[in-house]
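S.K.: One predicted model, sequence on top.
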Amino acid sequence: MRILAIETTCDETAAAVFTDEPRVLSSIIASQSDLHARFGGVVPEIASRAHLSQVLPVVDEALREAELTLEDLTAVAVAYTPGLIGAILVGLSAAKTLAMVLGLPLIGVNHLEGHIYACQLHHDEDVFPCIGLVVSGGHTNLFYCQGPTDFQLIGSTIDDAAGEAFDKVASILGLGYPGGPVIEKVARAGNPKAYRFPRTFLREDRLDFSFSGLKTAVRYLVQGQNAQDAHRIPGEQEAADVAASFQQAVIDVLIGKSRQALSKHGVKTLCVGGGVAANGALRSALEQMAAEEKITLVVPPLRWCTDNAAMGAVAAERLRRGESDPLDLDAGGGLVR
Ligand code: KG4
Ligand code: ZN
């Protein structure tokens, strides 16, 4: 089998080709990050338009790298939910058209399940059953994953996603976009105990997250509550201490909730995906927790943590079972936050 997958749920236009083992033959990603940088976040309309101009060249490139042509394909997979509705529609329309013209099965992939499945691509043993933690700019979710196509959502953020909090705090500190990498860098010179920021829900049983109170706490600390201070930019050391203390608060919550989920479901493997998993301090904290809890931790290399189409390889599992989706498959926009 040769499966083409397309991914356009947010601001990366991506295509990949893989076999049903699954083995990834090619993976092409065109990032739009530069287009959104000056707005401090992803602008949906700009994302949709950029996907429109990128999607076919990216598919072409993925086929070229895999040394295949459209005629060699067995199926077309596409991330159809969750994400920016206009952005998804571009990839979904391209995938449906290819499936219809080539007479191939269409397989819709849940983007969040794909993030967790990316861990399987880089782990020799079966990762299932596992707890899946997806931490990105749009999502912060915990899943109980009993098998490659059997995912149960057990926790979500009730407001901001973890990556979104990094981006907003970077903006408060005048550090630019995307915030995650720059906060991580600045935090290295800071004291994570300088400020005690809130760790929402950490002491509660529920597996949900909330980062908007944390962001507001940073804003009040840096800018006070008076309008005249609204544009105050902190000095270098203060910014480093705020960044380090903020980052530590996010890490404490992500680690605490993952630990609770593992113990609640009696699972011994934790799979992590999403752009925030690039954070070195988070990775170290995850490794330490895994050693303490004697569990297997799977965090793929960075290029498989952020959005890509290879994670659509979860489609191979469905294809093997003879499953596919109708050509009128709806884009499931919205955000499973
Ligand atoms: O998964 P992703 O590439 O795109 C989606 O949001 O779907 O994640 C992007 C998010 C951004 O919010 C970015 O600030 C965050 O991941 N991020 C990081 C780091 N690198 C990227 N957050 C913390 N530390 C990092 N090193
Ligand atoms: Zn994603």
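M.R.: Sure thing, it's come through. Ligands and ions are numbered 1, 2, ... in the order given.
S.K.: Show me which residues of the stretch 101-250 of the chain are close to ligand 2?
M.R.: Ser136 (Cβ under 5 Å from the ion). Heads up, the C-betas are built off the backbone N, CA and C, glycines and all.
S.K.: What about Val101, how many residues nearby?
M.R.: Number of residues near Val101 (other Cβ atoms under 10 Å) recorded here: 9.
S.K.: Actually, Ser53.
M.R.: By other Cβ under 10 Å, neighbour count at Ser53 equals 12.
S.K.: just Pro181 next, same as before
M.R.: Pro181 is flanked by 16 other residues according to other Cβ under 10 Å.
S.K.: Can you name the residues that contact it?
M.R.: Ala278 (Cβ atoms under 8 Å, 6 or more residues apart in numbering).
S.K.: Leu8 is in contact with Gly91, isn't it?
M.R.: Wrong residue type there; residue 8 is Thr, not Leu. Yes - judged on Cβ atoms under 8 Å, Thr8 makes contact with Gly91 at a distance of 3.2 Å.
S.K.: Comparing those two, which residue is more hemmed in?
M.R.: Thr8 (36 against 27).
S.K.: Grab the nearest non-local neighbour of Glu327.
M.R.: One thing to correct before we go on: residue 327 is Leu, not Glu. Spatial nearest neighbour of Leu327, excluding adjacent residues (Cβ to Cβ, 6 or more residues apart in numbering): Lys96 at 5.4 Å.
S.K.: What helix or strand is that neighbour located in?
M.R.: Using DSSP states H and E, Lys96 falls within helix 85-102.
S.K.: hmm, the helix or strand that that helix is followed by in reach of ligand 1?
M.R.: Next helix or strand after helix 85-102 toward the C-terminus (DSSP H and E): strand 106-110. No - using Cβ under 6 Å from any ligand atom, strand 106-110 stays clear of ligand 1, with a minimum separation of 13.3 Å.
S.K.: what sits against the residue of the stretch 1-150 of the chain found nearest ligand 2?
M.R.: Using Cβ to the ion, Ser136 is the residue of the stretch 1-150 of the chain that sits closest to ligand 2, at 4.5 Å. Under the criterion of Cβ under 8 Å, 6+ apart, the neighbours of Ser136 are 115, 161-163, 273-276, 306-307.
S.K.: Which elements pack onto the helix holding Lys96?
M.R.: Using 3 or more Cβ pairs under 8 Å, 6 or more residues apart in numbering; DSSP states H and E, the elements in contact with helix 85-102 are strand 3-7, helix 44-65, strand 75-81, strand 106-110.
S.K.: Show residues contacting it.
M.R.: Counting by Cβ under 8 Å, 6+ apart, 4, 6-11, 13, 44-45, 47-48, 51-52, 55-56, 59, 70-71, 73, 75-81, 104-106, 327, 329, 331-334 sit against helix 85-102.
S.K.: Please identify the most buried of the helices and strands packed on helix 85-102.
M.R.: Per residue and on average, the most neighbours among those fall to strand 3-7, with a mean of 29 (mean count of other Cβ atoms under 10 Å).
S.K.: now the angle between strand 75-81 and that one, please.
M.R.: 20 degrees (axes from the mean of the first three to the mean of the last three Cα atoms, to 10 degrees).
S.K.: What is strand 3-7 packed up against?
M.R.: strand 12-18, helix 44-65, strand 75-81, helix 85-102, helix 314-320.
S.K.: Let's see the pLDDT reported for Gln248.
M.R.: Here, the pLDDT recorded for Gln248 equals 98.
S.K.: Next: Pro178.
M.R.: Residue-level pLDDT assigned to Pro178 equals 86.
S.K.: Torsion angles phi and psi at it?
M.R.: phi -70, psi 150 (degrees, to the nearest 10).
S.K.: Count the residues that sit near it.
M.R.: 21.
S.K.: hang on, it packs against Gln32?
M.R.: No - using Cβ under 8 Å, Pro178 makes no contact with Gln32, being 11.7 Å away.
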